[in-house]
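Chemist: Pasting the sequence and the predicted model now:
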Amino acid sequence: KNEVEQSPQNLTAQEGEFITINCSYSVGISALHWLQQHPGGGIVSLFMLSSGKKKHGRLIATINIQEKHSSLHITASHPRDSAVYICAVRPGNQFYFGTGTSLTVIP
Amino acid sequence: KAGVTQTPRYLIKTRGQQVTLSCSPISGHRSVSWYQQTPGQGLQFLFEYFSETQRNKGNFPGRFSGRQFSNSRSEMNVSTLELGDSALYLCASSLGQPNNEQFFGPGTRLTVL
(Lines give C-alpha, C1' and ligand atoms only; values in the text may rest on other atoms or scores of the structure.)
Protein backbone atom coordinates (compact mmCIF):
# COMPACT_ATOMS: atom_id res chain seq x y z
CA LYS A 1 0.00 0.00 0.00
CA ASN A 2 1.41 3.36 -1.04
CA GLU A 3 0.57 6.34 1.08
CA VAL A 4 1.25 8.62 -1.90
CA GLU A 5 0.17 7.93 -5.47
CA GLN A 6 1.22 9.98 -8.46
CA SER A 7 -0.03 10.02 -12.01
CA PRO A 8 0.99 9.77 -14.69
CA GLN A 9 4.26 7.90 -14.21
CA ASN A 10 5.62 9.14 -17.52
CA LEU A 11 4.63 12.13 -19.57
CA THR A 12 5.86 13.41 -22.92
CA ALA A 13 4.75 16.83 -24.10
CA GLN A 14 5.46 19.21 -26.91
CA GLU A 15 7.03 22.50 -26.01
CA GLY A 16 4.38 25.03 -25.08
CA GLU A 17 1.83 22.52 -23.84
CA PHE A 18 0.02 22.83 -20.51
CA ILE A 19 0.99 19.98 -18.18
CA THR A 20 -0.74 18.56 -15.14
CA ILE A 21 0.71 16.06 -12.66
CA ASN A 22 -1.52 14.62 -9.98
CA CYS A 23 -0.82 13.42 -6.46
CA SER A 24 -3.21 11.64 -4.12
CA TYR A 25 -2.43 10.62 -0.58
CA SER A 26 -4.15 8.49 2.01
CA VAL A 27 -2.84 9.92 5.26
CA GLY A 28 -3.73 13.04 7.20
CA ILE A 29 -1.20 15.79 6.62
CA SER A 30 -0.62 19.42 7.34
CA ALA A 31 1.39 20.15 4.19
CA LEU A 32 2.48 18.62 0.93
CA HIS A 33 5.74 19.17 -0.92
CA TRP A 34 6.48 19.15 -4.64
CA LEU A 35 10.06 18.33 -5.59
CA GLN A 36 11.90 18.43 -8.90
CA GLN A 37 14.77 16.09 -9.70
CA HIS A 38 16.93 16.58 -12.77
CA PRO A 39 19.08 13.86 -14.35
CA GLY A 40 22.15 13.45 -12.18
CA GLY A 41 20.13 13.40 -8.99
CA GLY A 42 19.89 16.96 -7.66
CA ILE A 43 16.55 17.66 -5.97
CA VAL A 44 14.98 21.08 -5.67
CA SER A 45 11.98 21.87 -3.50
CA LEU A 46 9.40 23.60 -5.69
CA PHE A 47 6.48 24.13 -3.36
CA MET A 48 5.27 23.44 0.12
CA LEU A 49 1.56 24.00 0.49
CA SER A 50 -1.13 23.32 3.01
CA SER A 51 -4.15 24.89 1.32
CA GLY A 52 -5.28 26.59 -1.84
CA LYS A 53 -2.83 27.45 -4.56
CA LYS A 54 0.73 28.68 -4.99
CA LYS A 55 2.38 30.05 -8.12
CA HIS A 56 6.01 30.44 -9.01
CA GLY A 57 6.73 31.55 -12.53
CA ARG A 58 5.16 29.04 -14.90
CA LEU A 59 4.52 26.53 -12.12
CA ILE A 60 1.27 26.36 -10.19
CA ALA A 61 0.48 23.95 -7.36
CA THR A 62 -2.92 23.36 -5.85
CA ILE A 63 -4.08 21.25 -2.97
CA ASN A 64 -7.43 20.07 -1.65
CA ILE A 65 -6.88 18.83 1.88
CA GLN A 66 -10.41 17.41 2.21
CA GLU A 67 -10.06 15.36 -0.98
CA LYS A 68 -6.40 14.51 -0.22
CA HIS A 69 -5.32 15.56 -3.67
CA SER A 70 -2.78 17.95 -5.14
CA SER A 71 -1.90 18.96 -8.67
CA LEU A 72 1.19 20.51 -10.18
CA HIS A 73 0.66 22.48 -13.36
CA ILE A 74 3.27 23.75 -15.79
CA THR A 75 2.15 26.39 -18.24
CA ALA A 76 3.94 26.96 -21.56
CA SER A 77 6.21 23.96 -20.98
CA HIS A 78 9.83 24.14 -22.06
CA PRO A 79 12.48 21.46 -22.64
CA ARG A 80 14.29 22.64 -19.50
CA ASP A 81 11.23 21.50 -17.52
CA SER A 82 12.21 17.92 -18.37
CA ALA A 83 12.75 16.26 -15.00
CA VAL A 84 11.17 13.93 -12.48
CA TYR A 85 8.54 15.56 -10.30
CA ILE A 86 7.90 14.03 -6.89
CA CYS A 87 5.26 14.79 -4.32
CA ALA A 88 5.89 14.15 -0.66
CA VAL A 89 3.87 14.31 2.54
CA ARG A 90 4.83 14.24 6.17
CA PRO A 91 2.13 12.92 8.50
CA GLY A 92 3.93 13.00 11.80
CA ASN A 93 7.46 11.71 11.96
CA GLN A 94 7.96 10.19 8.54
CA PHE A 95 8.15 11.49 5.01
CA TYR A 96 6.30 9.55 2.34
CA PHE A 97 7.11 10.06 -1.31
CA GLY A 98 5.31 9.38 -4.54
CA THR A 99 7.14 7.34 -7.15
CA GLY A 100 7.59 10.38 -9.30
CA THR A 101 6.42 11.55 -12.70
CA SER A 102 9.06 11.59 -15.42
CA LEU A 103 8.38 14.53 -17.72
CA THR A 104 9.99 14.97 -21.12
CA VAL A 105 9.29 18.15 -23.06
CA ILE A 106 10.15 17.91 -26.75
CA PRO A 107 11.19 21.05 -28.64
CA LYS B 1 24.97 31.16 1.21
CA ALA B 2 26.59 27.86 0.37
CA GLY B 3 24.24 25.00 -0.31
CA VAL B 4 24.13 21.54 1.21
CA THR B 5 27.26 19.57 0.45
CA GLN B 6 27.75 15.84 0.53
CA THR B 7 30.95 13.83 0.41
CA PRO B 8 31.97 11.72 -1.27
CA ARG B 9 29.91 12.06 -4.43
CA TYR B 10 30.63 8.54 -5.62
CA LEU B 11 31.66 5.44 -3.74
CA ILE B 12 32.23 1.82 -4.63
CA LYS B 13 32.29 -0.81 -1.90
CA THR B 14 32.05 -4.57 -1.69
CA ARG B 15 29.54 -6.65 0.23
CA GLY B 16 30.25 -6.86 3.93
CA GLN B 17 32.15 -3.60 4.12
CA GLN B 18 30.91 -0.54 5.92
CA VAL B 19 30.62 3.01 4.64
CA THR B 20 30.32 6.49 6.12
CA LEU B 21 28.74 9.36 4.22
CA SER B 22 28.96 12.99 5.22
CA CYS B 23 26.55 15.91 4.89
CA SER B 24 27.21 19.56 5.65
CA PRO B 25 23.99 21.57 5.95
CA ILE B 26 23.33 25.15 5.04
CA SER B 27 24.70 27.49 7.67
CA GLY B 28 22.12 28.05 10.39
CA HIS B 29 20.15 24.91 9.61
CA ARG B 30 19.84 22.58 12.57
CA SER B 31 17.93 19.72 10.98
CA VAL B 32 19.48 17.16 8.66
CA SER B 33 17.45 14.39 7.06
CA TRP B 34 18.76 11.42 5.11
CA TYR B 35 17.05 9.63 2.25
CA GLN B 36 17.74 6.60 0.11
CA GLN B 37 16.71 6.58 -3.54
CA THR B 38 16.66 3.42 -5.64
CA PRO B 39 15.02 2.69 -9.01
CA GLY B 40 12.76 0.08 -7.43
CA GLN B 41 11.68 1.78 -4.20
CA GLY B 42 12.02 5.43 -5.10
CA LEU B 43 12.78 7.90 -2.35
CA GLN B 44 12.61 6.59 1.19
CA PHE B 45 13.16 8.40 4.45
CA LEU B 46 16.02 7.10 6.58
CA PHE B 47 16.22 9.41 9.58
CA GLU B 48 16.31 13.00 10.75
CA TYR B 49 18.68 14.64 13.19
CA PHE B 50 18.04 17.86 15.03
CA SER B 51 20.45 19.44 17.49
CA GLU B 52 22.56 16.28 17.65
CA THR B 53 19.57 14.04 18.44
CA GLN B 54 17.79 11.60 16.18
CA ARG B 55 14.28 13.01 16.00
CA ASN B 56 12.64 10.72 13.47
CA LYS B 57 13.44 7.38 11.93
CA GLY B 58 12.20 5.49 8.89
CA ASN B 59 11.79 1.77 8.43
CA PHE B 60 15.35 0.69 7.82
CA PRO B 61 17.36 -2.00 9.58
CA GLY B 62 19.82 -1.19 12.34
CA ARG B 63 22.71 -1.45 9.87
CA PHE B 64 21.80 2.10 8.93
CA SER B 65 22.79 4.62 11.56
CA GLY B 66 23.69 8.24 11.76
CA ARG B 67 24.82 11.04 13.98
CA GLN B 68 24.96 14.78 14.05
CA PHE B 69 27.71 16.95 15.40
CA SER B 70 27.50 20.20 17.30
CA ASN B 71 28.10 22.18 14.09
CA SER B 72 25.05 20.40 12.56
CA ARG B 73 27.15 18.38 10.16
CA SER B 74 25.85 14.86 9.91
CA GLU B 75 27.18 11.46 8.99
CA MET B 76 25.38 8.28 8.14
CA ASN B 77 26.91 4.86 8.38
CA VAL B 78 25.92 1.61 6.75
CA SER B 79 27.51 -1.52 8.12
CA THR B 80 27.73 -4.97 6.55
CA LEU B 81 26.84 -3.66 3.12
CA GLU B 82 24.47 -5.65 0.92
CA LEU B 83 24.00 -5.43 -2.84
CA GLY B 84 20.60 -3.88 -2.26
CA ASP B 85 22.19 -0.93 -0.48
CA SER B 86 23.36 0.38 -3.85
CA ALA B 87 21.52 3.67 -4.14
CA LEU B 88 21.69 7.42 -4.24
CA TYR B 89 21.86 8.73 -0.68
CA LEU B 90 20.56 12.25 -0.29
CA CYS B 91 20.63 14.54 2.66
CA ALA B 92 18.55 17.64 3.16
CA SER B 93 18.79 20.42 5.68
CA SER B 94 16.19 22.77 7.09
CA LEU B 95 15.67 25.17 9.96
CA GLY B 96 14.01 22.37 11.88
CA GLN B 97 10.29 23.05 12.07
CA PRO B 98 8.22 20.16 10.68
CA ASN B 99 7.10 21.96 7.55
CA ASN B 100 10.11 24.12 6.85
CA GLU B 101 11.42 23.89 3.31
CA GLN B 102 14.11 21.27 2.86
CA PHE B 103 17.23 21.96 0.83
CA PHE B 104 18.78 18.90 -0.75
CA GLY B 105 22.39 18.07 -1.34
CA PRO B 106 23.64 16.56 -4.62
CA GLY B 107 23.74 13.06 -3.16
CA THR B 108 26.28 10.29 -2.79
CA ARG B 109 26.04 7.48 -5.33
CA LEU B 110 26.94 4.23 -3.54
CA THR B 111 27.60 1.09 -5.53
CA VAL B 112 27.98 -2.19 -3.68
CA LEU B 113 29.69 -4.98 -5.63
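Modeler: Received it, and whenever you're ready, just let me know what you need.

Chemist: On the strand side of things, show who B:Phe45 bridges to.
Modeler: B:Tyr35 (DSSP bridges).

Chemist: wait, what's in contact with the spatially most central residue of chain B?
Modeler: With distances taken as CA atoms, centre = their mean, B:Trp34 lies nearest the centre of chain B, 3.2 Å away. Taking CB atoms under 8 Å, 6 or more residues apart in numbering or on different chains, we find B:Trp34 in contact with B:Cys23, B:Phe45, B:Leu46, B:Phe47, B:Glu48, B:Gly66, B:Ser74, B:Met76, B:Tyr89, B:Leu90, B:Cys91. The way it works is simple: take the backbone N, C-alpha and C, and place the C-beta from them, glycine included.

Chemist: 6 Å instead?
Modeler: Residues near B:Trp34 by CB atoms under 6 Å, 6 or more residues apart in numbering or on different chains: B:Leu46, B:Phe47, B:Met76, B:Cys91.

Chemist: for those residues, which one is nearest A:His56?
Modeler: B:Cys91 (24.1 Å; CB to CB).

Chemist: Just give the number of residues close to the closest one.
Modeler: Applying other CB atoms under 10 Å in any protein chain shown, we find 30 residues neighbouring B:Cys91.

Chemist: Going along the chain, name the strands of chain A.
Modeler: Secondary structure of chain A (DSSP state E): strands located at A:4-7, A:10-14, A:19-25, A:32-37, A:43-49, A:52-56, A:59-64, A:69-74, A:83-89, A:96-97, A:101-106.

Chemist: Tell me which of those sits nearest to B:Leu95.
Modeler: Relative to B:Leu95, the nearest member of the strands of chain A by CB to CB is strand A:43-49, separated by 12.5 Å.

Chemist: can you give me the offset of stretch B:60-75 from its chain's centre?
Modeler: 7 Å (CA atoms, centre = their mean, to the nearest Å).

Chemist: Would you mark the buried spots in it?
Modeler: Along stretch B:60-75, these residues count as buried under the neighbour rule (16 or more other CB atoms under 10 Å in any protein chain shown): B:Phe60, B:Phe64, B:Ser65, B:Gly66, B:Gln68, B:Ser72, B:Arg73, B:Ser74, B:Glu75.
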